[in-house]
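>>> Coordinates for the following, if possible.
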Amino acid sequence: MGYPFNVSIHLNNLTLTYDLHPVVYHLTATIAQGEWLAIVGPNGAGKSTLLNAMAGLLAINEGSIEGLCPGTVTYLPQQTRLDKSFPMTVCELVATGLWPKLRATKSVSRQELERCDEAIAAVGLQGFERRLINTLSGGQLQRCLFARVLVQDQPVILLDEPFSAIDAQTLADLTQIIKQWHQAGQTVIMVTHDMDYVRENCPQTLLLARECVGYGPTKEVLTEGNLRRAGQRSAAFDESARWCRVGMV
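Residues are numbered from 1 along each chain as shown. The predicted structure is shown next:
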């Protein structure tokens with residue numbers, strides 16, 4: 001499926017805070033439709049905070065995010081935010097991706113169940129449909145969560161550390177799925193700490209150290225100089241600083 005309409009995302013002088021302290025500070029960037037963008041930076045650089053804001057889960061203190069309309073975004077959070085103790089099967093978890101599009105009764109049709117089965121097979125979990133999610137390995141659970149993204153079939157996909165604690169084969173298989181999304185014209189924005197993975201796979205990179213250190217083609221952004229500046233800015237940032245608008249004194 002192609003996505004011919006324009007879903008470019010504009011970050012306009014974006015400032016995000018926690019307890020009035022800046023986490024992402026005066027960020028401006030345009031993410032074109034169909035980009036595969038990696039958001040990287042030191043620990044505490046604001047990467048997941050930015051993704052949460054793009055998912056609509058965090059209030060914006062200053063500036064704006066334009067181009068993310070309701071019903072166009074799929075968000076895959078880190079596994080640590082998922083309650084794996086809840087008695088839910090693989091098929092049931094994947095089917096929750098259909099909820100925004102279901103009727104008021106939230107009943108799943110036979111055709112929609114077939115979509116879930118197809119997504120489960122696409123991520124390599126055929127035969128696991130009735131397995132409880134608390135019996136899955138980390139890699140199997142991540143495959144399940146990718147299947148949930150597949151059934152949502154949205155033009156913008158947000159992934160927060162999608163490759164933590166998974167095996168090499170799962171990494172390769174899920175990377176192939178992301179490449180298929182990218183080739184189909186879907187916009188993929190992922191937070192990751194794996195610079196080698198980004199260099200090998202991601203065409204575009206945003207290097208963040210609360211402020212933007214570099215944004216553009218990965219080879220131009222992930223230079224030794226930029227990485228050094230990102231580390232210096234992160235280390236020098238005042239944790240007790242108050243949020244301020246550009247031009248405030």
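>>> For the protein, give me the ranges with low pLDDT.
1-6, 102-106, 236-249 (pLDDT under 70).
>>> Please enumerate the strands of it.
9-18, 21-31, 36-40, 62-66, 73-76, 156-160, 187-191, 204-209, 211-217 (DSSP state E).
>>> Please list the strands that the longest one pairs with in its sheet, giving the direction of each pairing.
With DSSP bridges as the test, strand 21-31 is paired with strand 9-18 (antiparallel).
>>> Buried residues, the strand it pairs with. List them.
If you call a residue buried by 16 or more other C-beta atoms under 10 Å, then strand 9-18 has these buried ones: 9, 11, 14-17. For the C-beta atoms, the positions are set from N, CA and C on the backbone; glycine is no exception.
>>> Now for Cys144: which residues touch it?
Cys144 is in contact with 90, 93-94, 120, 123, 125, 128, 133, 136, counting by C-beta atoms under 8 Å, 6 or more residues apart in numbering.
>>> distance of it from Arg228?
Noted for Cys144: a distance of 39 Å to Arg228, by C-beta to C-beta, to the nearest Å.
>>> one step back: dump the strands of the chain to TSV, plus distance to Gly56.
Below are the strands of the chain laid out as TSV (distance: least, C-beta to C-beta, whole Å):
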stretch	distance to Gly56
strand 9-18	13
strand 21-31	15
strand 36-40	17
strand 62-66	9
strand 73-76	7
strand 156-160	10
strand 187-191	14
strand 204-209	19
strand 211-217	21
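>>> Quick check: which of those strands is nearest to Ser234?
Closest to Ser234 of the strands of the chain, according to C-beta to C-beta: strand 204-209, at 4.5 Å.
>>> relative to strand 9-18, how tilted is the closest one?
Between strand 204-209 and strand 9-18, the angle comes out at 20 degrees (axes from the mean of the first three to the mean of the last three C-alpha atoms, to 10 degrees).
>>> other SSEs contacting strand 204-209?
The helices and strands touching strand 204-209, judged by 3 or more C-beta pairs under 8 Å, 6 or more residues apart in numbering; DSSP states H and E, are strand 21-31, strand 36-40, strand 211-217, helix 218-221, helix 224-236.
>>> so which of the ones you listed is the most packed in?
Mean neighbours per residue, mean count of other C-beta atoms under 10 Å, is largest over the helices and strands packed on strand 204-209 for strand 36-40, with a mean of 24.
>>> surely Leu158 meets Trp181?
No: with contact defined as C-beta atoms under 8 Å, Leu158 does not reach Trp181; the gap is 11.8 Å.
>>> Contacts only, for the closest residue to Ser64 other than its chain neighbours.
Using C-beta to C-beta, 6 or more residues apart in numbering and skipping the chain neighbours, the partner closest in space to Ser64 is Asn12 (4.8 Å). Residues near Asn12 by C-beta under 8 Å, 6+ apart: 28, 63-66.
>>> 7 Å instead, please
The neighbours of Asn12, taking C-beta atoms under 7 Å, 6 or more residues apart in numbering as the test, are 28, 63-64, 66.
>>> For PyMOL, what selects the buried ones among those?
Those of the contacts of Asn12 that count as buried under 16+ other C-beta under 10 Å are selected in PyMOL with:
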select buried, resi 63
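>>> wait, which of the contacts of Asn12 is closest to Ala235?
Closest approach between these and Ala235, by C-beta to C-beta: Thr28, at 23.5 Å.
>>> State the distance from the closest one to Gln142.
Thr28 sits 32 Å away from Gln142, going by C-beta to C-beta.
>>> Break this structure down into its domains, please.
In terms of domains, the chain is parsed into 1-72+157-249, 82-153 (source: automatic domain parsing).
>>> just how off-centre is the longest one within its chain?
The chain centroid and the centroid of domain 1-72+157-249 are separated by 8 Å, computed with C-alpha atoms, centre = their mean, to the nearest Å.
>>> likewise the last one?
For domain 82-153, the distance between its averaged C-alpha position and the chain's averaged C-alpha position is 18 Å (C-alpha atoms, centre = their mean).
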